[in-house]
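*Asks:* Dropping a prediction and its sequence here:
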Amino acid sequence: MAVPREHLIDMYETMVKIRRFEERIRELYFADKLPAFDIAAGLIPGEMHLAAGQEPVAVGMRPHLKDGDAITATHRPHHLAIAQGVDLNKMAAEIFGRDTGLGRGKGGHMHLFSTEPSFGCSGIIGEGMPVAVGAAMAFKARGTANVALSFFGEGAANQGAFHEAINLAALWSLPVVFVCEDNAYAISVPKTASTAVTDNSDRAAAYGIPGVLVPDNDPVSVYEVMGAAIERARGGGGPSLVEIRTDRLWGHFEGDADAYRTDDFKEDMNERDPLKTFAQRLLADGVLSEADITEIADRMHTEVEAAIEFAMNSPYPAPEATLDHVFSERTVTL
């Protein structure tokens, strides 16, 4: 599949935006948390899971999306939200716990929710898979040409929700694509110690649907495979299972000592950093020039800084709003 030049440029720009956003969040996350790491302190209290290195997964699907498509993601969601076009200002504000955030500052970075575009994520492993099946069921019932994409880690492929969701989607031939982000580690547990099969994409055969492995962390390879899977779903062909071998360049969470991965393993990852290798490829192919690379970096930096400034200048939710927008128990008289 030939990739249009404008798509290559858009994918690279989005990768730069994602990486810059993650870097700035990482810098600000550690404010007042050191020298003795205090997870409850600082501008952004609580856990933080960043996706540096996994950008190809997000940008490879981006050009194939249409208005109304739905995405469910994991506790490591920023790259997917940015690629889908979730409002960067509101997302930053949510991460900082501000009232202007996607969830009025009450959800935090693991519980981002947007209606336009349709995006949701959760800290519960495998939670988004049945939700994506529900969205796909609604699309089919309404007769729209939309698709749902469910992203999950390789550890989630061992959850019951994985098998239940794929089984139902296959049975009802729903327009959903299941995408496994295989970064080789479920927290500190290597895939080889937790999963009986080498490739989770092979599990698709048990449900009579296509299973495709993207063995490299390459945006163009992801673009090609995701394009075929999304086209199949959009055209009424039913679900697919795509597995993408990718790299989590940083720890499972910020503050993770990451001692379970060897120095050689991490050095190899940094050598194949997709942001660097994709830039080199676009330069070699004449798609971008060195001046273009610099201009894109400056523009994405400006956009990210504006979102961070918006978030940090936004107010915190008022204390009296604590119980607003949540379910509450009510007495029902029969």
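*Replies:* Structure's in. What do you need? Numbers count the residues shown, from 1 in each chain.
*Asks:* which helices and strands sit right next to the strand or helix carrying Glu22?
*Replies:* If you go by DSSP states H and E, Glu22 is part of helix 5-29. In terms of contacts (3 or more CB pairs under 8 Å, 6 or more residues apart in numbering; DSSP states H and E), helix 5-29 is packed against helix 55-61, helix 78-84, helix 88-95, helix 219-234, helix 274-284, helix 290-312. For glycine as for every other residue, the C-beta is placed from the backbone atoms N, C-alpha and C.
*Asks:* Now do the buried residues in that helix.
*Replies:* Residues 7-8, 11-22, 24-25, 28-29 are the ones in helix 5-29 that count as buried (16 or more other CB atoms under 10 Å).
*Asks:* if we can go back for a sec, ok, and which of the helices and strands packed on helix 5-29 has the densest surroundings?
*Replies:* helix 55-61 (a mean of 29; mean count of other CB atoms under 10 Å).
*Asks:* How far does that helix sit from its chain's centre?
*Replies:* Remark: helix 55-61 is offset 9 Å from the chain centroid, using CA atoms, centre = their mean, to the nearest Å.
*Asks:* and that helix, what other elements does it pack with?
*Replies:* Partner elements for helix 55-61 (3+ CB pairs under 8 Å, 6+ apart): helix 5-29, helix 78-84, strand 176-182, helix 219-234, strand 240-245, helix 274-284.
*Asks:* Out of those, which gets nearest to Asp199?
*Replies:* strand 240-245 (6.0 Å; CB to CB).
*Asks:* returning to what we had before: mean pLDDT added to the helices and strands packed on helix 5-29, as CSV?
*Replies:* Formatted as CSV, the helices and strands packed on helix 5-29 follow (pLDDT from 0 to 100):
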stretch, mean pLDDT
helix 55-61, 98
helix 78-84, 98
helix 88-95, 98
helix 219-234, 98
helix 274-284, 98
helix 290-312, 98
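*Asks:* related to what we said a few turns ago, could I get the helices and strands packed on helix 55-61 as a markdown table with distance to Met61?
*Replies:* A markdown table is the format used below for the helices and strands packed on helix 55-61 (distance: least, CB to CB, whole Å):
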| stretch | distance to Met61 |
| --- | --- |
| helix 5-29 | 10 |
| helix 78-84 | 7 |
| strand 176-182 | 7 |
| helix 219-234 | 4 |
| strand 240-245 | 9 |
| helix 274-284 | 15 |
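*Asks:* Select, out of these, the one closest to Val189.
*Replies:* Short answer: strand 176-182, nearest of these by CB to CB, at 13.2 Å.
*Asks:* average pLDDT for the closest one?
*Replies:* For strand 176-182, mean pLDDT rounds to 98.
*Asks:* partner strands of it, parallel or antiparallel?
*Replies:* strand 148-153 (parallel), strand 240-245 (parallel) (DSSP bridges).
*Asks:* most neighbours per residue, which of the ones you listed?
*Replies:* By mean count of other CB under 10 Å, the strands paired with strand 176-182 have strand 148-153 as the most buried, with a mean of 28.
*Asks:* which residues sit against the helix or strand that that strand is followed by?
*Replies:* Of the helices and strands lying after strand 148-153 in sequence (DSSP H and E), the nearest is helix 160-171. The contact list for helix 160-171 (CB atoms under 8 Å, 6 or more residues apart in numbering) reads 126-127, 129-130, 132-133, 136, 150, 152, 156, 174, 176, 178, 203-204, 207-209, 238-239, 241.
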